[in-house]
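Chemist: give me the fold of what follows.
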Amino acid sequence: MSVLEEKIKKNRELLDAAEPSSGHLDRFQGKLDDLHVVAQKKYLPRMNKYYRVAAVIAVLIGLSLTYYLVSPDKSTNYVTAGALPADLLEAKMYYDRLANEKLQEIYQHAANSSEASYVKKLASDEIGLIDSASVKLEEQIREDQQNNRLINALLMSYKTKSDLLDDILNRLRNI
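Modeler: Residues are numbered from 1 along each chain as shown. Coordinates of the predicted model:
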């Protein structure tokens, strides 16, 4: 035991009998309240910032993990199947370049009249439908690259997109 503890035990009756002076509890409570207010003002805003930063980091990590686990690039079809054959890639690039040129020309004509802007929207919608069908065909070709019917259907899809844009462009020129 320490010396202080011994003195407290020996003089316990004297220490317990003495009451604090009047107003002591009020002054003590006031000092505690002042410390509590200073602590709130000093530390809470800083801590709120840290909590916010931690929450943002947690959300970003959660989103990253979700994207990694659900990402379509990680599916087994793409890992086991090869890419499109070179001749199909060349055809796709050719028809895409052709379609982009025609779309630019349609957009130039569409800026001139109100009917043409409707045609511009219609062309974009149709191209979107054809592109989504082409993507499905490309996925099927990745699984079965020897299927000539799928390859011909994909080539026809690319050509249809070009033909559709030609038709729209001819109609715009006649407006």
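Chemist: on the three-state scheme, Ala83 is what?
Modeler: On the three-state scheme (DSSP: H, G, I helix; E, B strand; the rest coil), Ala83 is labelled coil.
Chemist: does it really touch Glu139, like I thought?
Modeler: No - using CB atoms under 8 Å, Ala83 makes no contact with Glu139, being 11.8 Å away. C-betas here are computed from N, CA, C, even on glycine.
Chemist: so who does Ile141 touch?
Modeler: Leu84, Leu88, Asn147, Leu150, Ile151, Leu154 (CB atoms under 8 Å, 6 or more residues apart in numbering).
Chemist: let me see the contact set for the fourth one.
Modeler: Remark: with contacts taken as CB under 8 Å, 6+ apart, Leu150 is in contact with Leu137, Gln140, Ile141, Asp144.
Chemist: the last one and Leu88, how far apart?
Modeler: Distance, Asp144 to Leu88, using CB to CB, to the nearest Å: 13 Å.
Chemist: with neighbour numbers in mind, choose between the two.
Modeler: It is Leu88, of Asp144 and Leu88, that has more neighbours when counted by other CB atoms under 10 Å, with 18 against 11.
Chemist: which strands and helices sit next to the helix or strand in which that one is found?
Modeler: Element membership for Leu88, per DSSP states H and E: helix 86-110. Where contact means 3 or more CB pairs under 8 Å, 6 or more residues apart in numbering; DSSP states H and E, helix 86-110 is packed against helix 114-143, helix 148-174.
Chemist: chain center to that helix: distance?
Modeler: Here helix 86-110 is found 29 Å from its chain centre; the criterion is CA atoms, centre = their mean, to the nearest Å.
Chemist: what residues sit buried inside that helix?
Modeler: By neighbour count with 16 or more other CB atoms under 10 Å, helix 86-110 contains the buried residues Leu88, Ala91, Lys92, Tyr95, Leu98, Ala99, Lys102, Leu103, Ile106, His109, Ala110.
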